[in-house]
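Peer 1: Sequence and predicted structure are below.
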Amino acid sequence: MQKAPITKYKPWGVIDLPHRQWPNRTIDQAPLWCSVDLRDGNQALPIPMGVREKLELFELLCEIGFKQIEIGFPSAAQTEFDFARKLIEDDLVPDGVALQVLTQAREHLIRRSFESLQGAEKAIIHVYNSTSPLQRRVTFGMSKEQIKQIAVEGVSLVKKLLPELPDTEVQLEYSPESFSDTEVEFALEVCEAVMDAWEPTVQNPIILNLPATVELFTPNVHADQIEWFCGNLRERDKAIISLHTHNDRGTGTAATELGLLAGADRVEGTLFGNGERTGNLDIVTVALNMYSQGLHPELNFSHIEHIREVYEKTTGMTVHERHPYGGDLVFTAFSGSHQDAIKKGMDLRQKEGDTDDFHWQVPYLSIDPRDIGRSYEAIIRINSQSGKGGVAYVLSREFGLDLPKAMHPEVGLIMNEKADSESRELAAAEIYETFKQEYLEKDIPLKLLAYETHKVSSDEITCTATIKLNEESLEISGNGNGPINAFVHALEEAGLKDFKLTDYRQHSIGGGSATESAAFIQLQTKAGRVAHGCGIHASIEKSGLLALVSAYNRLH
Ligand code: KIV
Ligand code: ZN
């Protein structure tokens, strides 16, 4: 990096818009969406998609609900042309879906684009040329007038050729490419000249797409550009203002959202933000951000894992684990305090009503993962950073074991130590296996080999048990007001009671004929040391005795 003072870069500047309105607005309407996955996204792939992959992705885009899909650049490559023909000739375009094709404002490319669209029902012809001072000077060596002329001539040719698409409802889109770096006054001048040439109507407005071809500044400047443009455009009601942000500074989503506040009507982007360099705008994120605010985006992302699968298969790209909404880890909490809060939120929701009528308010989860086909199992995973709440949550949710609260720290510690010593995350099954080893299968020093209970009176029973203490078998017997109490007295008679039973609780697991009982017991020594035990058995009585043995073994 250059040492300060930096002379190699300078601030882009600001738009003079003292009375800007966008900061006071909210997004209250879904925009028109246009997917550019098959063009801008495809252009940016190391190995571009073939017709087969493009078809599969096109079908997915239709399923999601896109009504405008830029299918390619048919005048630029044979595959692109063939794809357009296949869609039209094989009648693969659902009703109401417009096929958008991109073309530079050059005669032979425009003519070839027309050929590619023969027989389409609805088409958007997207003409572009670059307008920024940098492009004018470096790439084209042209004056402003010459650049404007290219746009006007291109659009005039499209207009002249319209009779060649007699069965097609055609809409025009014009992009002053590199709009983000163009003087707003000049971008406006070119777009108005294009409108004069095209003569749009309120019924068939022109799409003016204002691309942040390269993202060069903070999103508020983008919003100012859009608001300035919308406010100064002569026949605003005859134009649909479209956004097309890229993500060079990592703020493509924010720029689009602020651009919508600034008055834009339409959004171009791709699934998961595929596209040139750092990518195009990620439509999934913007749409689900709207959804999380209670505004339906009019796109369906109910099965996001399927969408991701098709996207990855057709493009060869991968979705990052942390990618909003679609990433593997985005509904996963590793930190203990997050897990605790999520568990509390989920429990409360279960109690208060877990239906769509209840406002979603679960800490750390901006939306309900189920709404986009993600599962709860993935929410809490256990590693050495996890807390007691997370472990209890997994045991409860996955295995039906509701540990008493006082037991959470003890069990949490066991799992943390295991994860820490093995330097890895523990799967739910491993958590249960460890719990089993520590609580259900430990039989040293004490093991219950057999037992019987006899009723002595209405409030007294005798418990006779065969136990193994270390390697020695013993017969013990005691009386009490219930089996656990009688067993404790039996241990006392045998000189083995060096504890006080401080808590006992039980609940059933499962239902029907497979119901089992889970019992939990807390013991405390005179010195104040506490241990918990758990027993699981089809008999409530036996689960209690096993819980006592389990706690005894953890104490000794
Ligand atoms: O990023 C861009 O400017 C484009 C145009 C062709 C619209 O993709
Ligand atoms: Zn682009």
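Peer 2: Done, it's in. Residues are numbered from 1 along each chain as shown. Ligands and ions are numbered 1, 2, ... in the order given.

Peer 1: So which bits of the protein are right by ligand 1?
Peer 2: Selection of the chain residues close to ligand 1 by Cβ under 6 Å from any ligand atom yields 40, 102, 128, 175, 177, 209, 211, 213, 244, 246. Quick note: C-beta positions are derived from backbone N, CA and C, even for glycine.

Peer 1: which residues does the second one bridge with?
Peer 2: Yep, that's residue 102 we're talking about. Here residue 102 sits in beta bridges with residue 126, going by DSSP bridges.

Peer 1: What's the nearest residue in the stretch 451-556 of the chain when you look at ligand 1?
Peer 2: Distances from the stretch 451-556 of the chain to ligand 1, computed as Cβ to the nearest ligand atom, single out residue 510 as the nearest residue at 57.0 Å.

Peer 1: quick one: that residue from residue 534, how far?
Peer 2: Relative to residue 534, residue 510 is positioned 16 Å away (Cβ to Cβ, to the nearest Å).

Peer 1: before we move on, what about residue 115?
Peer 2: According to Cβ to Cβ, residue 115 and residue 534 sit 74 Å apart.

Peer 1: Looking at those two, which one has more neighbours?
Peer 2: Using other Cβ atoms under 10 Å, the more surrounded residue of residue 115 and residue 534 is residue 534, with 25 against 14.

Peer 1: what helix or strand is that one on?
Peer 2: When elements are assigned from DSSP states H and E, residue 534 belongs to strand 530-537.

Peer 1: That strand pairs with which strands?
Peer 2: strand 516-524 (antiparallel).

Peer 1: Please enumerate residues in contact with the partner strand?
Peer 2: The contact list for strand 516-524 (Cβ atoms under 8 Å, 6 or more residues apart in numbering) reads 400-404, 406-407, 484, 499-510, 530-540, 543-544, 546-548, 550-552, 555.

Peer 1: Take those and keep only those in helices.
Peer 2: Mapping the contacts of strand 516-524 onto helices (DSSP state H) picks out 484, 540, 543-544, 546-548, 550-552, 555.

Peer 1: Pipe the residues you listed into CSV and attach pLDDT, neighbour count and distance to residue 283 per row.
Peer 2: Written out in CSV, the entries for those read as follows (pLDDT from 0 to 100; neighbours: other Cβ atoms under 10 Å; distance: Cβ to Cβ, whole Å):
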residue, pLDDT, neighbour count, distance to residue 283
484, 97, 20, 61
540, 96, 16, 55
543, 98, 24, 53
544, 98, 23, 57
546, 98, 23, 56
547, 98, 29, 54
548, 98, 25, 59
550, 98, 28, 54
551, 98, 29, 56
552, 98, 23, 60
555, 96, 17, 59
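
Peer 1: Which of the residues you listed sits closest to residue 170?
Peer 2: The shortest separation between residue 170 and any of the ones in helices among the contacts of strand 516-524 is 74.6 Å, and it belongs to residue 543 (by Cβ to Cβ).

Peer 1: helix or strand for residue 211, which one?
Peer 2: Counting by DSSP H and E, the element that carries residue 211 is strand 206-212.

Peer 1: Would you tell me what the next helix or strand after that strand is?
Peer 2: From strand 206-212 onward toward the C-terminus, using DSSP H and E, the following helix or strand is helix 219-232.

Peer 1: Next, count neighbours for residue 342.
Peer 2: 22.

Peer 1: Could you do residue 423 as well?
Peer 2: Neighbouring residues of residue 423 were enumerated by other Cβ under 10 Å; the total is 8.

Peer 1: For it, give me its contacts.
Peer 2: Residues counted as contacts of residue 423 (Cβ under 8 Å, 6+ apart) are residue 384.

Peer 1: The ones in helices among the contacts of strand 516-524: which two are farthest apart?
Peer 2: Pairwise distances across those peak at 23.0 Å for 540 and 555 (criterion: Cβ to Cβ).

Peer 1: quick check: angle from the strand holding residue 534 to helix 540-555?
Peer 2: Going by axes from the mean of the first three to the mean of the last three Cα atoms, to 10 degrees, strand 530-537 is angled at 150 degrees with respect to helix 540-555.
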